[in-house]
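K.L.:
got a predicted structure plus its sequence, pasted below:
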Amino acid sequence: MRDVPPWIPLFGIGLLDILDGVLVGAGLERVTPAANANGYMHMSLEFTDWDHSLAMSVAWAALAGIALWRAGGPRWGMVAAAAVFSHFLADLAVHDPDLALWPYSSAHVGLGVWSSLPVGSWFLEVIFVIIMVLIGCPNGIQNLNASKYPIMVMAFLSLQLTPWWSPMALADGFGASSSPVLYGLFIVVGFILPASLMSWFLMRPLGSRETNTAT
Ligand SMILES: [Zn+2]
């Protein structure tokens with residue numbers, strides 16, 4: 001069975017936001033700047049049902065799962081589907097109740113941790129990232145050096161999206177007409193760039209580990 005390449009979970013976890021950024025930027029979905037909505041995202045999601053509703057999250061996860069299963073086998077497919085759907089679960093914890101159950105449903109869910117702990121939620125996210133990095137380090141915590149570049153990317157990502165200097169506050173300031181386009185751009189670039197960088201960093205140690213075990 002073929003190993004699952006890191007780009008599958010890395011792009012999978014961001015797929016719903018990449019779609020969101022594209023659809024909002026294209027004017028097919030609607031977000032509005034709101035200083036107090038969704039903690040340091042400063043945006044109220046008025047209509048993002050085609051990517052962020054429960055039903056569509058399941059549908060996109062199934063689509064990605066089928067596509068990757070066909071491309072690389074069952075493990076690729078299952079990791080892709082789990083990664084895509086995990087985004088909905090993570091958003092469910094932090095979002096205000098702005099996640100529809102299905103497109104055009106009036107029922108919305110979201111436990112609102114970003115809004116109820118505007119600063120504390122950022123610390124919780126950083127602690128979560130640190131735990132995930134320690135679990136994910138391919139060589140164990142004794143050898144953090146081997147994972148220094150992915151760790152630097154995660155540290156940079158954690159620092160650029162804080163309650164104090166969120167790029168979304170910048171988008172917010174551009175007013176209702178241009179801020180959704182900026183929001184879309186920030187979301188798409190904010191997922192594609194780190195996912196590409198992390199995939200590139202993680203593909204290299206994987207390759208050398210395979211050589212090590214073979215010799
Ligand atoms: Zn999201």
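P.N.:
Arrived safely, thanks for sending.

K.L.:
residue 129 - how many residues pack around it?
P.N.:
15 (other C-beta atoms under 10 Å). Heads up, the C-betas are built off the backbone N, CA and C, glycines and all.

K.L.:
which ones are touching it?
P.N.:
Counting by C-beta atoms under 8 Å, 6 or more residues apart in numbering, residue 129 touches 154, 158.

K.L.:
now swap in residue 54 and tell me
P.N.:
Contacts for residue 54 (C-beta under 8 Å, 6+ apart) come out as 88, 99, 100, 101, 102, 109.

K.L.:
for the second one, give me its contacts.
P.N.:
This points to residue 99. Taking C-beta under 8 Å, 6+ apart, we find residue 99 in contact with 45, 52, 53, 54, 88, 91, 92, 108, 109, 110.

K.L.:
does the first one touch residue 98 like I think?
P.N.:
Yes - Residue 45 is in contact with residue 98 according to C-beta atoms under 8 Å; the separation is 4.2 Å.

K.L.:
re earlier: can you list the contacts of residue 99 in a markdown table and add pLDDT, distance to residue 182 and secondary structure?
P.N.:
Formatted as a markdown table, those follow (pLDDT from 0 to 100; distance: C-beta to C-beta, whole Å; DSSP: H, G, I helix; E, B strand; the rest coil):
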| residue | pLDDT | distance to residue 182 | secondary structure |
| --- | --- | --- | --- |
| 45 | 86 | 15 | strand |
| 52 | 96 | 19 | helix |
| 53 | 97 | 24 | coil |
| 54 | 98 | 27 | helix |
| 88 | 98 | 24 | helix |
| 91 | 96 | 20 | helix |
| 92 | 97 | 25 | helix |
| 108 | 96 | 24 | strand |
| 109 | 96 | 27 | strand |
| 110 | 95 | 23 | coil |
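
K.L.:
just the closest of those to residue 5, please.
P.N.:
Distance to residue 5 across the contacts of residue 99 (C-beta to C-beta) is lowest for residue 88, with 23.0 Å.
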